[in-house]
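**Student:** curious how this folds, go ahead:
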Amino acid sequence: MRTKILILAIFSIATLLLGCDRDNLNIENGTYKGTFTVIYRSGTRTGQTTLNLENGNFSCSGNSNRIPAGGSGTFSFDNNKITFNDENFWHADFDGNLILNGQYDYTFNGKKLKISADKNDVGHYEYDLEKL
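**Tutor:** Okay, here's the model as predicted:
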């Protein structure tokens, strides 16, 4: 009887663990499309973007109004932090935080990728993306 209860308990725990969202796992290579949002004290701005991730390299599309500005280079992640290292030269005539660069929090459930950061007391920057 004890063996049956133990087996049932192990099976229940395994089912519970496997049934949970896969948040904070390594992000899969691929193309992600969605919305970029920046929240300033003066208001919110949004734009569409596409993020390509491939073997530690990234490219993010930008818009002419720089919401977002985009970027490209390398990335790495550790637990629920992802760090982008943009390798482009930029003029200092806009909010540099609109470039995908630096450390962000992220969640990933196998399909939806959310990347966000509060930067330099300037604003909250968030990418809400879905894998294509």
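**Student:** which stretches in this protein count as helices?
**Tutor:** With DSSP state H as the criterion, the chain has helices at 2-19.
**Student:** low-confidence stretches in it?
**Tutor:** Applying pLDDT under 70 to the chain flags the ranges 1-25.
**Student:** skipping its backbone neighbours, what lies nearest L113 in space?
**Tutor:** In this structure, L113 finds its nearest non-sequential neighbour in L129, 4.5 Å apart by C-beta to C-beta, 6 or more residues apart in numbering. Yep, even glycine has a C-beta here, placed from its N, CA and C like the rest.
**Student:** ok, the one you found - contacts?
**Tutor:** Listed by C-beta atoms under 8 Å, 6 or more residues apart in numbering, the contact partners of L129 are 32-35, 49, 51, 112-115.
**Student:** just these: which are in strands?
**Tutor:** 32-35, 49, 51, 112-115 (DSSP state E).
**Student:** what's the closest of the residues you listed to D86?
**Tutor:** Closest approach to D86 among the ones in strands among the contacts of L129 (C-beta to C-beta): L51, at 12.5 Å.
**Student:** check the burial of that closest one by counting its neighbours.
**Tutor:** Neighbour count for L51, taken as other C-beta atoms under 10 Å: 26.
**Student:** next one: it from H91, what distance?
**Tutor:** As defined by C-beta to C-beta, to the nearest Å, L51 lies at a distance of 23 Å from H91.
**Student:** check K119 too.
**Tutor:** Following C-beta to C-beta, the distance that separates K119 from H91 is 19 Å.
**Student:** among those two, which residue is more densely surrounded?
**Tutor:** When K119 and H91 are compared on other C-beta under 10 Å, the one with more neighbours turns out to be K119, at 17 against 6.
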